[in-house]
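**Student:** structure for this input, please:
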Amino acid sequence: MFRLLLLPLRAPMLLVLVAIAVYEGLQWSQPLQGAVPSGMAQLSSLFWSLDCLHALLVVVVCTMPDLLLQRVSSLMAASRVMSLVISLLIVTVGGLYLLHLKVLTNVLILGTTVLLARLDLARVRVAPPPLLMAAVLGVLVLGGAGVGRWLASSGGSF
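**Tutor:** Numbering: from 1, shown residues only. The predicted structure is shown next:
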């Protein structure tokens, strides 16, 4: 138990991941404060849910790239048509999503931080199963984003 408590000191990129998540939570809350009228609280919570889903997707892709690539490559190896359809789908939908919604910088920052946290955990020889690692990093990211949202709603900032 003591080793788990000292883990943020042994792997400081976990603290950086939480700090980036707090910053992302602050950033997700800023455009909604002026754009959403006071009577549209459901719309604000919908945007927040989409941002959380987006962050979880980035964490899962960056935590388990080998498992995801193995599944996609086995599906693409089934036939050339499936390979073409999957490639076009990924490039078209991914490109439109990243460019149109202007989230490329958020994806790069969060993805890089998750990968660095994984590397730091591997350096200190902490290697839980991929699903557990994705769950723990997802909780850290969503918890930090929740703190950032709370700071933005209470009027505090860095």
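
**Student:** most centrally placed residue in the protein?
**Tutor:** Central residue of the chain (CA atoms, centre = their mean): residue 55, 2.8 Å from the mean position.

**Student:** surely it and residue 24 touch.
**Tutor:** Yes: in terms of CB atoms under 8 Å, residue 55 counts as a neighbour of residue 24; the distance is 7.0 Å. (Each C-beta comes from the backbone N, C-alpha and C, glycine too.)

**Student:** mutual contacts of the two, please.
**Tutor:** Common neighbours of residue 55 and residue 24 are listed as 110, 141, 145 (criterion: CB atoms under 8 Å, 6 or more residues apart in numbering).

**Student:** gap between the top helix by length along the chain and the chain center?
**Tutor:** Taking DSSP state H as the criterion, the chain has its longest helix at helix 130-154. Computed by CA atoms, centre = their mean, to the nearest Å, the chain-centroid distance of helix 130-154 equals 9 Å.

**Student:** quick one: buried residues of that helix?
**Tutor:** Within helix 130-154, the residues that count as buried by 16 or more other CB atoms under 10 Å are 130, 133-138, 140-142, 144-145, 148-149, 151-152.

**Student:** before we move on, the earlier item: who's in contact with the residue nearest to the centre of the chain?
**Tutor:** Per CB under 8 Å, 6+ apart, neighbours of residue 55: 21, 24, 110, 138, 141, 142, 145.

**Student:** quick check: the farthest pair among those residues?
**Tutor:** Farthest apart among the contacts of residue 55 by CB to CB are 24 and 138. That separation is 13.3 Å.

**Student:** low-confidence ranges in this protein?
**Tutor:** Within the chain, the segments meeting pLDDT under 70 span 30-42, 100-102, 156-158.

**Student:** do a quick rundown of the helices in this structure.
**Tutor:** In the chain, the segments counted as helices under DSSP H are 2-5, 7-10, 13-35, 41-63, 65-76, 80-100, 104-123, 130-154.

**Student:** can you work out which other helices and strands pack against the longest one?
**Tutor:** Identification of packing neighbours for helix 130-154 by 3 or more CB pairs under 8 Å, 6 or more residues apart in numbering; DSSP states H and E yields helix 13-35, helix 41-63, helix 104-123.
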